[in-house]
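Engineer: here is my input; please provide its structure:
(one chain, ligands or ions: 2)
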Amino acid sequence: MQGKLMAARWGRALLDRLLPNACALCGGDSSEALCAGCEAQFFGPAAAIARCVCCANPLPSGAPPGETGPAAGPLCGVCLRHPPAFERTLVAADYVLPVDQLVLQLKFGHRLALAPLCARLLRDAVLRQQGVALPALLCPVPLGPRRLAERGYNQALEIARPLARGLGIALHARLVQRVRDTAAQSSVTPAERQANIAGAFAIADAALVAGRHIGVVDDVMTSGRTLNELAATLKRHGAARVSNLVFARTPPH
Ligand SMILES: [Zn+2]
Ligand SMILES: [Zn+2]
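Structural biologist: Ligands and ions are numbered 1, 2, ... in the order given. From the prediction side, this is the model:
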């Protein structure tokens, strides 16, 4: 009896791994990649918090409405003192447990099927914003050639493709290129991060950028230095406005 039960459990665990109808977060039965309960709990309107429109960091709760930025919304103190090169950041969630598991599985577990889920959750979060100005063109944060060869795909591009379709925006997968391989920002000290990323990007076709609102897609935003360097590069080539569309935001410590 015991053996039979064990076999049934093992069989079930194996099926859960093989079949796509288990929720990617709780493992419960779900015909979708994410069950309705997890979606409501971690990505629904009730999970939304007040964020700086520019960098998407959480704003202190109960604070009076602060100064308004170019994207017509409240700004955090950091963005007020040192405005980044981008105007807006839109995110689906904070990069914390258990949401980070979706990104880790996508990035390091080769679960590419999670990219359309991340894209749909991000699209829903973008469209929930009142009066949001959508970019005219989307591009992914590019990986350096060495990292692309190691992983075999760019997770930002995998999210950007279904996101562009979902929002009805054109995607230019190679609009921005990495001129050189950089060390992972997480592997260098905070003091070294700016130098690590400076001059890392080049624009393939400046005519596509000049005078336009460009949307930059990434899976995770941590310090924001990479996205700031990319936005500054786009601005140097005449971009009128840059918005970041990022699946998850690492909250400040
Ligand atoms: Zn679930
Ligand atoms: Zn901010």
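
Engineer: use CA for all of it now, contacts and neighbours both
Structural biologist: Noted.

Engineer: for the helix or strand harbouring residue 194, which helices and strands make contact with it?
Structural biologist: Using DSSP states H and E, residue 194 sits in helix 190-197. Packing contacts for helix 190-197, counted by 3 or more C-alpha pairs under 8 Å, 6 or more residues apart in numbering; DSSP states H and E, involve helix 225-236.

Engineer: how close does the residue of the stretch 101-250 of the chain at minimum distance from ligand 1 get to residue 249?
Structural biologist: Ligand 1 sits closest to residue 102 of the stretch 101-250 of the chain, with a gap of 11.7 Å, by C-alpha to the ion. Distance of residue 102 to residue 249, computed by C-alpha to C-alpha, to the nearest Å: 13 Å.

Engineer: of these two, who's got more company?
Structural biologist: More neighbours surround residue 249 than the other of residue 102 and residue 249, with 25 against 22 (other C-alpha atoms under 10 Å).

Engineer: any idea what the more buried one is bridged to?
Structural biologist: residue 94, residue 221 (DSSP bridges).

Engineer: hmm, it is touching residue 223, no?
Structural biologist: No: in this structure, residue 249 is not within contact of residue 223 by C-alpha atoms under 8 Å, at 9.2 Å.

Engineer: tell me the secondary structure at the residue in the stretch 51-200 of the chain that ligand 1 sits nearest to.
Structural biologist: Nearest residue of the stretch 51-200 of the chain to ligand 1 (C-alpha to the ion) works out as residue 98 at 10.4 Å. The local conformation at residue 98, judged by DSSP: H, G, I helix; E, B strand; the rest coil, is coil.

Engineer: could you check how many residues crowd around it?
Structural biologist: 14.

Engineer: do you know how far it is from residue 118?
Structural biologist: In terms of C-alpha to C-alpha, residue 98 sits 14 Å off from residue 118.

Engineer: check residue 129 too.
Structural biologist: To residue 118, residue 129 is 17 Å away according to C-alpha to C-alpha.

Engineer: which one's more surrounded, those two?
Structural biologist: Using other C-alpha under 10 Å, the more surrounded residue of residue 129 and residue 118 is residue 118, with 23 against 10.

Engineer: tell me which element the more buried one falls in.
Structural biologist: For residue 118, the host element (DSSP H and E) is helix 114-128.
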